[in-house]
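Participant: could you work out the structure for the sequence below:
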Amino acid sequence: MNIDSAIASICEVIKQGKAALFIGSGVSIDPPSCLPPGEPLKNTPIEGLLASYRPSIKELVFENTIADLSLEAVYGVMQEEIGKQLITSMATALDDDGLEANKVHRFIAKALSLSNVIVTTNYDGQIERAYSQEAQGEDLEICYDEETFKRFINNFEEGKGKWLLKLHGSFRVKGEDTSESVVTTLDRVGRGLPSKTKEALRLVIERLPLLFLGYGCGDLDIVYPVLAQEKSEKEMWWIKHESERAGKSLYIGNEIEELSTELLHIANVLLNRGKNNGEKVFLIKYLTSEFIERLITNLNWQLTQPKSEGLSKSHWKGELFCLGHQASQLEKASILANLTRLGRNTEGGREKITQLKRLMQQLYKEALGESKDPLKTSRLYRDLGFSLYLGSHEKTKEAIRHYEESKGLLSQIDPKTKPLLEEAELLSLYALAYRRVYQIEKALEYALQAREAIPKEILDQLGSSYQNLSSLKYRNKELDDRQKSNLGNILRRLANTYHDLVSDPTTLSIAIGIGKDSWKMDDVENNLLEEAFQRISSDKKLQNLVGNVRERIQSENVLGLIATKWGKVDKAKQVHEKSKKDASLLNWTSWEYAQACRNLGLALEKEGNLDLAIERLEEAREKFRRTWDKETTNWHIGRIRIKKGDARGIFVIEEIKRGPKNWHWKANDLVLLGIGYHDLLKNKEAEARIFFEQMLELYEAIEPIELKSQAYGIDNALANVKSAHLRLCSEGTHKEDDLCKRLQDQQARLEKMREEALKDIASFFSQS
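Facilitator: Numbers count the residues shown, from 1 in each chain. Below you'll find the predicted structure:
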């Protein structure tokens, strides 16, 4: 098949009125419409926010933060501060009565008049305006909310009716303000399509050939939940806008695999569709306006000419610029600080992380200078502290100092007017921070306080089943979205704390030797893992309910890690695969994507698929931005290579060993080198013995309190000592030498410490 025959096929189904056209924002760019695509729509209000800042800051924010954030992420942060003003300004900018439809809109309207179904993610009224000029006869049926989509499901017949399906809502419908239906922020997208909207889209996908025009395939609620899932033997054509066509223009069936790297999500959708009939799936690289011209010529259509040039770009630019410019100084600083916090994990943000951290702190301090409200100021101190915590290990103590400021301000607020869960959220952040600096007892103390600060009424509703979270109530009033998200955050931080009380099977797997029995967990540890698993499962459900995508991806990462430790490998793989897809679709969650890859690698290791585990870990290493994350990921790669008998793992660990480390990580490096030299290299037992002895010397010099304060410290040390003992002291000639006696003594010491620690954990668990 060539382009001409593809065009002929498309025209044939359009003439019959039995096609569906899936329309994205790209169709509105051409004059006289001149509406913005996603990038300028996202950037313009941020230009307004930055109008008073010096050029270097503008450049830093745009190139290393905004560039890699999605439109929905940016608008979600803005709406948090300015509320309904966001949608009002968008409607004024993008849906003015003076706007006029372009030729692509008129083509779409003509197709609609022949009873082809039009599906769009656009909120504006350009298709409707074009339809009023091109159509004859029947009124247009516009679906934009659950009630109208239900009407479509009940009444749709192929080739009959005039149906326009606006998946993300509409600013106006037949003169009525329907802006409440508009979905433009990440939390709205993150909830997924409403049930009737999704059912209607599935119906269209299953029953009609599909033509995609101007659609970038970047919607979290549409691409993988629906487009990449639904199967059909109908044709699917995807027109990928290509301003400079070079080489191949038409890809059919399995040929689309060639584009999997370049056009990941589009390729995934098409290849999934092609599983039923690959010869009916097409990707066409073509200039959209030229392609439409060829369709119009082939169909022999005469379209109405525009009456004027329409409004200029300056109209929508001015309106959207004012959206940012008119924010108060406090709102500006708060919006930019939160955008910078998001952007620090993007591809661009990795390059300028130090400057971004400084800017983020400067912006929070500006906001603090403006704020006179104790509650708002308390939250700003809390958020500033959390941004420091996210920045680096070294800033954790400074973060705690800011939490102290926040706590002091909270204590001044009347308990009767203090927002629900405000104190619990701050206390849970304390628990995270103390866990980071290895003060485990303080972390436990604050975790208990955080739990106690959650009203008993809410805890009782959570119960043991953790199922009915959509209608959580406090004093007969249902929790709002923010409260549900905050509750989820608190539960996740508690789960993290419980998780760190439990021995680490990933580390222990290196120590018991190939073919030996795996480590058996005590009941108290299993109980803690169950508690952590329940808490994090609740968090994920709550974040799903409110559409908090970033927090949901983080909860999935923790959930998968806990599931791996607990031996629920299939569950771990499932959540990490979903996290990877969502993070790559959003484009701005590179840290979450890398974390999902790393945790998936650990789950695959647990399953025994070591080669694939290494592949996922290597992918994670490339995505991580911090040296610490890269090194720990490399450490796992080296460890698994040694575990599978690959001597290249020794060189990976030797390279890592050269960097500065605390006793915990030095000991892990030494035991891995000892294992590698002993098990994988011939005649290297003497060198292995030196590594094991150096490891033992580290443990002999460590005070019990320091061992206890390190997460996994006792169990990790015990596993490493057992590993050395297993290799050096199993043969009769070595059993009585001095090193073996020291290893036995150290093992006995650690086992006693572990027994005492388990009693402490059991006591904590009974309290919580």
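
Participant: would you map the helices across the stretch 401-550 of the chain?
Facilitator: 422-436, 440-453, 456-462, 481-500, 505-508, 523-546, 549-565 (DSSP state H, counting those that start in this stretch).

Participant: looking only at pLDDT, what's the mean for the last one?
Facilitator: Rounded to a whole number, the mean pLDDT of helix 549-565 is 84.

Participant: do the same with the first one
Facilitator: Taken as a whole, helix 422-436 carries a mean pLDDT of 92.

Participant: elements contacting it?
Facilitator: Judged by 3 or more CB pairs under 8 Å, 6 or more residues apart in numbering; DSSP states H and E, helix 422-436 is in contact with helix 374-391, helix 396-411, helix 440-453, helix 481-500. Placement of C-beta: from N, CA and C, glycine included.

Participant: how about those in JSON lines, adding distance to residue 749, mean neighbour count and mean pLDDT?
Facilitator: Shown next, in JSON lines, are the helices and strands packed on helix 422-436 (distance: least, CB to CB, whole Å; neighbours: other CB atoms under 10 Å; pLDDT from 0 to 100):
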{"stretch": "helix 374-391", "distance to residue 749": "34", "mean neighbour count": "21", "mean pLDDT": "86"}
{"stretch": "helix 396-411", "distance to residue 749": "30", "mean neighbour count": "18", "mean pLDDT": "93"}
{"stretch": "helix 440-453", "distance to residue 749": "19", "mean neighbour count": "20", "mean pLDDT": "87"}
{"stretch": "helix 481-500", "distance to residue 749": "22", "mean neighbour count": "23", "mean pLDDT": "87"}
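
Participant: now tabulate those in CSV and tack on distance to residue 56.
Facilitator: Compiled in CSV, the helices and strands packed on helix 422-436 are given as follows (distance: least, CB to CB, whole Å):
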stretch, distance to residue 56
helix 374-391, 20
helix 396-411, 25
helix 440-453, 39
helix 481-500, 34
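
Participant: these: which one's closest to residue 36?
Facilitator: helix 481-500 (28.4 Å; CB to CB).

Participant: out of the helices of the stretch 401-550 of the chain, flag the one nearest residue 298.
Facilitator: Comparing the helices of the stretch 401-550 of the chain under CB to CB, the one sitting nearest is helix 549-565, at 41.7 Å.

Participant: what angle do that closest one and helix 481-500 make?
Facilitator: Taking axes from the mean of the first three to the mean of the last three CA atoms, to 10 degrees, helix 549-565 and helix 481-500 form an angle of 30 degrees between their directions.

Participant: other SSEs contacting helix 549-565?
Facilitator: Secondary elements touching helix 549-565 (3+ CB pairs under 8 Å, 6+ apart): helix 186-190, helix 481-500, helix 505-508, helix 523-546, helix 569-586, helix 590-607.

Participant: how about the helices of the stretch 401-550 of the chain, which one is nearest residue 122?
Facilitator: Taking CB to CB, helix 549-565 is the member of the helices of the stretch 401-550 of the chain nearest to residue 122, at 21.6 Å.

Participant: sorry, back to before: using CSV, lay out the helices of the stretch 401-550 of the chain together with distance to residue 295.
Facilitator: Shown next, in CSV, are these (distance: least, CB to CB, whole Å):
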stretch, distance to residue 295
helix 422-436, 55
helix 440-453, 60
helix 456-462, 56
helix 481-500, 43
helix 505-508, 56
helix 523-546, 40
helix 549-565, 36
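
Participant: closest one to residue 150 among those helices?
Facilitator: Closest among those, using CB to CB: helix 523-546, at 21.8 Å.

Participant: hmm, back to that, tell me which of the helices of the stretch 401-550 of the chain sits nearest to residue 755.
Facilitator: helix 523-546 (11.0 Å).

Participant: thinking again about what came up before, nearest to residue 204, out of the helices and strands packed on helix 422-436?
Facilitator: Closest of these to residue 204 is helix 481-500, at 29.6 Å (criterion: CB to CB).

Participant: care to break the protein down by domain?
Facilitator: When the chain is parsed with automatic domain parsing, its domains come out as 3-41+93-313, 328-453, 499-767.

Participant: export these to a markdown table and tack on distance to residue 85?
Facilitator: A markdown table is the format used below for the domains of the chain (distance: least, CB to CB, whole Å):
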| stretch | distance to residue 85 |
| --- | --- |
| domain 3-41+93-313 | 12 |
| domain 328-453 | 10 |
| domain 499-767 | 20 |
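
Participant: among the ones you listed, which is nearest residue 81?
Facilitator: Nearest to residue 81, of these and by CB to CB, is domain 328-453 at 4.5 Å.

Participant: run through the stretch 201-350 of the chain and note the low-pLDDT ranges.
Facilitator: Where the stretch 201-350 of the chain drops to pLDDT under 70, the residues are 245-246, 309-311, 344-350.

Participant: circling back: residue 77: which of the domains of the chain is closest?
Facilitator: domain 328-453 (4.8 Å).

Participant: measure how far the closest one is from the centre of its chain, please.
Facilitator: 21 Å (CA atoms, centre = their mean, to the nearest Å).

Participant: ditto for stretch 664-672
Facilitator: The mean C-alpha position of stretch 664-672 is separated from the chain mean by 32 Å, CA atoms, centre = their mean.

Participant: pull the residues that contact it.
Facilitator: For stretch 664-672, contacts defined as CB atoms under 8 Å, 6 or more residues apart in numbering pick out 507, 510-511, 635, 638-639, 642, 649, 653, 656-657, 661, 691-692, 694-695, 698-699, 710, 713, 716-717, 720, 723-724.

Participant: residue 753: neighbouring residues, count only.
Facilitator: 18 (other CB atoms under 10 Å).
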